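Engineer: Pasting a predicted model and its sequence here:
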Amino acid sequence: MRFAPAFLILLLFAALTATAQPAATRTILIVGDSLTAGYGLDDPATQAYPALLQQKLDALPAATPAPWRVINAGISGDTTSGGLRRIDWVLRQPVNVFVLALGANDGLRGLPLDLIRRNLLAIAAKVQARNPSVRVVLAGMRMPTSMGDYSAGFDRLFAELAAAQNWTLVPFLLEGVGGVAEFNQADAIHPNTEGHKMIAENIWRSLHPLL
């Protein structure tokens, strides 16, 4: 079969264009509270743990199928109810990995565990409805042991929910940070820059295998 020169040129151009097209950027969306927003840091855009995760992703080998972009959707003071109210607005682009880091403020207020569980499920369901192949990562939190049975139930909630839904679990977002003065700001609640580095490592251990 013989082709006209012009047709051959078009075929060659199409092939070159196809090979030159960069792979579509994949998105990691992190919905959280002040711990995610980087409350109290001089420059949350570069010092909060979502930015540090972006640095780790940017350092992946060039052979990685496609680049990753981290979206920091953390709002100081947010609760699971607040996250549920705003999740539709946040979902303005396709999401490949969804990190759900809410619940700490609910726990500190002693809100019912069933409410927290329902809200977390509802938030993830909305994300999954828009992005059926999304991978969900749930960041576990803990409450002071002085809260008694509530603290124990709160701790179990995250592990049980992740297991039941087949989500990836970060056992404790503040592992190695919570209660350690050198990794927290003067309020003893919000991590400093070194604390955020440790949080990034805590999440990376669970996140990296998904990539």
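Structural biologist: Great, that's in hand.

Engineer: Identify the residue nearest T145 in space, chain neighbours excluded?
Structural biologist: For T145, ignoring the flanking residues on the chain, the nearest one in space by CB to CB, 6 or more residues apart in numbering is S151 at 5.4 Å. Glycine gets a C-beta too; all of them are placed from N, C-alpha and C.

Engineer: how would you label that neighbour: helix, strand or coil?
Structural biologist: helix (DSSP: H, G, I helix; E, B strand; the rest coil).

Engineer: Read off the pLDDT value for it.
Structural biologist: For S151, the model assigns a pLDDT of 96.

Engineer: Equivalent analysis for the one 3 residues further on, please.
Structural biologist: Model confidence at F154, given as pLDDT, is 97.

Engineer: Name the next helix or strand downstream of whichever helix or strand it is part of, please.
Structural biologist: Per DSSP states H and E, F154 falls inside helix 149-165. Scanning forward in sequence from helix 149-165 by DSSP H and E, the next helix or strand is strand 168-170.

Engineer: where's R86 relative to Q47, distance?
Structural biologist: For R86, the distance to Q47 (CB to CB, to the nearest Å) stands at 24 Å.

Engineer: sorry, back to before: who does the helix holding F154 touch, helix- and strand-wise?
Structural biologist: If you count contacts as 3 or more CB pairs under 8 Å, 6 or more residues apart in numbering; DSSP states H and E, helix 149-165 packs onto helix 113-130, strand 135-139, strand 168-170.

Engineer: higher neighbour count, R86 and Q47?
Structural biologist: For the pair R86 and Q47, the greater number of neighbours falls to Q47 (18 against 15), based on other CB atoms under 10 Å.

Engineer: and the nearest residue to S133 once chain neighbours are set aside, how many neighbours does it have?
Structural biologist: In space, S133 comes closest to N96 once its chain neighbours are excluded; the distance is 7.6 Å by CB to CB, 6+ apart. Per other CB under 10 Å, the neighbour tally for N96 reads 19.

Engineer: for I189, same thing?
Structural biologist: I189: 15 neighbours (other CB under 10 Å).

Engineer: dump the residue contacts of the residue nearest the centre of the chain.
Structural biologist: The chain has V99 as the residue nearest its centroid, 2.6 Å off, counting by CA atoms, centre = their mean. For V99, the contact set (CB atoms under 8 Å, 6 or more residues apart in numbering) comprises 28-32, 137, 139, 203, 207.

Engineer: Can you classify it by secondary structure?
Structural biologist: strand.

Engineer: If it is in a bridge, with which residues?
Structural biologist: Note on V99: beta-bridge partners by DSSP bridges are I30, V137.

Engineer: so how far is T168 from it?
Structural biologist: Using CB to CB, V99 is found at 9 Å from T168.

Engineer: Between those two, which contacts overlap?
Structural biologist: 137, 207.

Engineer: rewinding a little: name the stretch among the helices and strands packed on helix 149-165 that sits most buried.
Structural biologist: strand 135-139 (a mean of 23; mean count of other CB atoms under 10 Å).
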